[in-house]
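Asks: coords please:
(2 chains)
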There are 2 protein chains.
Amino acid sequence: MASDEIPAGSLDPQQFIREQVREIGEAVGQGTAVNALSGGVDSSAVTLLGHRALGDRLKTYFVQNGLMREGEPERVISLFAGLGVKVELVDAQEEFFAALKGVTDPEEKREAVTQTFYKKVFGRLVRESGARFLLQGTILTDVDETVAGIKRQHNVFAQLGIDPEQAFGYAILEPLVRLRKDGVRKVAEALDLPASVFRRMPFPGPALAARVIGEATPERIALVRKATVITEELLSSSGAFQCMAILHQDRVTGMRDNRRDYGLQIEIRCWDSVDARRALPTRLDWETLENLSLRILDEVPGVVSVTYNIAPKPPSTMEAV
Amino acid sequence: MASDEIPAGSLDPQQFIREQVREIGEAVGQGTAVNALSGGVDSSAVTLLGHRALGDRLKTYFVQNGLMREGEPERVISLFAGLGVKVELVDAQEEFFAALKGVTDPEEKREAVTQTFYKKVFGRLVRESGARFLLQGTILTDVDETVAGIKRQHNVFAQLGIDPEQAFGYAILEPLVRLRKDGVRKVAEALDLPASVFRRMPFPGPALAARVIGEATPERIALVRKATVITEELLSSSGAFQCMAILHQDRVTGMRDNRRDYGLQIEIRCWDSVDARRALPTRLDWETLENLSLRILDEVPGVVSVTYNIAPKPPSTMEAV
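Replies: Residues are numbered from 1 along each chain as shown, chains lettered A, B, ... in the order given. Sure thing, here's the model as predicted:
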């Protein structure tokens, strides 16, 4: 597929959909394909494009990697059932946590998630299903950042000189690779996905593993999952491009019941952005900030400190990991 | 000395000064005393009380521990020269950094600074000077927090059951121990100290060692010193009780010149408080926050991320270390 950018402004979503459906159909021929649906706008759009092109010959999986947000598998599976798409839940929590054990470097953590996802879990699913193609929702910003060496996105291979056919045993189709996030949202809307999907804030490939600094253990993921619920509840109506809670590894001195408590810190980031290439911290009002902080301090065990990011991208990136 | 609290509201500063001058005079008799001046409001008030009581029989030192703020020794020494008080500069940088080497736990770091200050440096100064008394600016909040086990203040001994005479070879006088910060400010003003001193924001005993999470190396102290200059420059007119920059140990992903830069994070805290027992983050406006962030990102090498504290004390404490 060509990788010339299609800017959102000059995108005709219905024409784009027709073209991609045709291209997917031609590439897969009479074979079968698989894809992984996370519930984000990118993978949701790809799922519907794939089903328009292939019908039942596309098998869609939701991989429960243990790193997802609260209630996410149930929500996604029932939403797509309502759209007539059957999604199969694959429980791979143990494999992911085993791969993440002891890993603290951000790039090694991303690589552990990538290898577990593409090689172990998807390798097995593809072998079992007999499919030769994987459809995935890579977008142009993923490619840019990975190729520039800023952050290894889990879904970028060819552009790094990796042949998925050789590495994993299947070919990868990327119908969204010429779009950025704003373009994907237009396509998702044109595909009749609900606003809760086409307006959904971005969420990283390595999921909550990207939201803890240091080791992603089940316990630390559970803490950041709780903070994420609160953050999204209070900030999803802010109109921000993306918001997140990050569990730090540093401990800071705090006090509980008038005694010292050497506790945890949660950092909140909330971004204004058009296409994720540049971003500014959302100028939240103080009532929201204080509410956020008090709820996290109250509801997330062990947390004694909450901060709000005030640095722009660049030199920050959206995610801390 | 009695340790019943004197609330700032019912404090008569001139009467308090007369009483303390008399008590210091009676305690020291015809002997000599020493004290350490850091330039903060507590040690500045004690220095003037001591000089009123003892004149030249009080020897005042400024201990350059390598952990002070930019330009601090020169500023303090020249200010007190103008008040007729001679201050001797003691260079002890190597001893402090040697004691801090490899120490990352906050309480061990505080203990390393305490031991170096009271045992090594002051032990030597007291022996050389023949003094039998050390005057110091401990206030009631220091005692409370240390006794409660929240944070070991460097200047609290008797209340922990430590006999300084036995531990260090000299007795300690604490003329401010019945006051909190607001009371000390009234006393400092009544002692004719300039507003830049009696209104000065509090600064911790372990100085910038309390402003780095993890090891306090000369390099890391230099980074947080730069961030502190910017923070105080932009926030000292905010009317806040205290403001600070904290260098984290966690690294976060950032980007410079369109390449990945696994860099440093600085956290800013700015507190509204009356007496430091409870405190709220100052509701700074967004222009100030953005200014602060951009200057730190520009001027402090290696920093890719800046956050602002939004948690109250409790459960936070004012300092992170």
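Asks: how many neighbours does A:Leu292 have?
Replies: A:Leu292 is flanked by 26 other residues according to other Cβ atoms under 10 Å in any protein chain shown. Using the backbone N, CA and C atoms, a C-beta is placed for each residue, glycine as well.
Asks: again, but for the one 3 residues further on
Replies: The tally of other residues near A:Arg295 (other Cβ under 10 Å) stands at 18.
Asks: wait, it sits on A:Ile230?
Replies: Yes - A:Arg295 is within contact range of A:Ile230, at 4.9 Å (criterion: Cβ atoms under 8 Å).
Asks: List, one by one, the residues from the stretch 51-200 of chain A near chain B.
Replies: A:106, A:148-151 (Cβ under 8 Å from any Cβ of the partner chain).
Asks: With pLDDT and neighbour count as added columns, please give the residues you listed in a markdown table.
Replies: Below are those laid out as a markdown table (pLDDT from 0 to 100; neighbours: other Cβ atoms under 10 Å in any protein chain shown):
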| residue | pLDDT | neighbour count |
| --- | --- | --- |
| A:Pro106 | 91 | 23 |
| A:Ala148 | 74 | 13 |
| A:Gly149 | 74 | 13 |
| A:Ile150 | 70 | 19 |
| A:Lys151 | 70 | 21 |
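Asks: Greatest separation within those residues: which pair is it?
Replies: With Cβ to Cβ as the measure, no two of those lie farther apart than A:Pro106 and A:Ala148, at 15.5 Å.
Asks: pLDDT at A:Val34, what is it?
Replies: Here the pLDDT value assigned to A:Val34 is 94.
Asks: quick one: contacts for it?
Replies: A:Val34 sits next to A:58-61, A:122, A:125-126, A:129, A:131, A:133-135 when contact means Cβ atoms under 8 Å, 6 or more residues apart in numbering or on different chains.
Asks: Give the next helix or strand downstream of the helix or strand containing it.
Replies: Element membership of A:Val34, judged by DSSP states H and E, is strand A:33-36. Per DSSP H and E, the first helix or strand lying C-terminal to strand A:33-36 is helix A:41-54.
Asks: May I have that next one exported as CSV, CA atoms only?
Replies: Output of helix A:41-54 as CSV, limited to C-alpha atoms (Å, rounded to 0.1, in the frame of the first residue of the first chain):
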residue,chain,number,x,y,z
VAL,A,41,-10.8,4.0,17.0
ASP,A,42,-8.0,2.6,14.8
SER,A,43,-8.7,-1.1,15.4
SER,A,44,-12.5,-0.5,15.4
ALA,A,45,-12.3,1.1,11.9
VAL,A,46,-10.1,-1.7,10.6
THR,A,47,-12.5,-4.4,12.0
LEU,A,48,-15.5,-2.8,10.1
LEU,A,49,-13.4,-2.3,6.9
GLY,A,50,-12.3,-5.9,7.1
HIS,A,51,-15.8,-7.3,7.7
ARG,A,52,-17.2,-5.3,4.7
ALA,A,53,-14.5,-6.8,2.5
LEU,A,54,-14.3,-10.3,3.9
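Asks: secondary structure class for A:Asp237?
Replies: Residue A:237: Ser, not Asp. For A:Ser237, the assignment made with DSSP: H, G, I helix; E, B strand; the rest coil gives helix.
Asks: A:Glu74 now?
Replies: Going by three-state DSSP: A:Glu74 is helix.
Asks: how much space is there between it and chain B?
Replies: 31 Å (Cβ to the nearest Cβ, to the nearest Å).
Asks: Count the residues that sit near A:Arg199.
Replies: With other Cβ under 10 Å as criterion, A:Arg199 counts 14.
Asks: Could you do the one 10 residues further on as well?
Replies: Per other Cβ under 10 Å, the neighbour tally for A:Ala209 reads 27.
Asks: Which residue is the nearest non-sequential neighbour of it?
Replies: Spatial nearest neighbour of A:Ala209, excluding adjacent residues (Cβ to Cβ, 6 or more residues apart in numbering or on different chains): A:Ala216 at 4.1 Å.
Asks: quick one: contacts for the one you found?
Replies: Going by Cβ under 8 Å, 6+ apart, the list of residues near A:Ala216 reads A:67, A:97, A:100, A:103, A:109, A:208-209.
Asks: And the pLDDT for A:Leu191?
Replies: 97.
Asks: If you could redo that for A:Phe168, that was the one I meant.
Replies: For A:Phe168, pLDDT reads 77.
Asks: got it, and A:Lys59?
Replies: So, for A:Lys59, pLDDT stands at 96.
Asks: Check A:Ser3 too.
Replies: A:Ser3 is given a pLDDT of 58.
Asks: Can you name the residues that contact A:Arg260?
Replies: A:253-254, B:148-151.
Asks: mind checking how far whatever residue of the stretch 51-200 of chain A ends up closest to chain B is from A:Ser316?
Replies: The nearest approach of the stretch 51-200 of chain A to chain B comes at A:Ile150, 4.6 Å away (Cβ to the nearest Cβ). According to Cβ to Cβ, to the nearest Å, A:Ile150 stands 11 Å off from A:Ser316.
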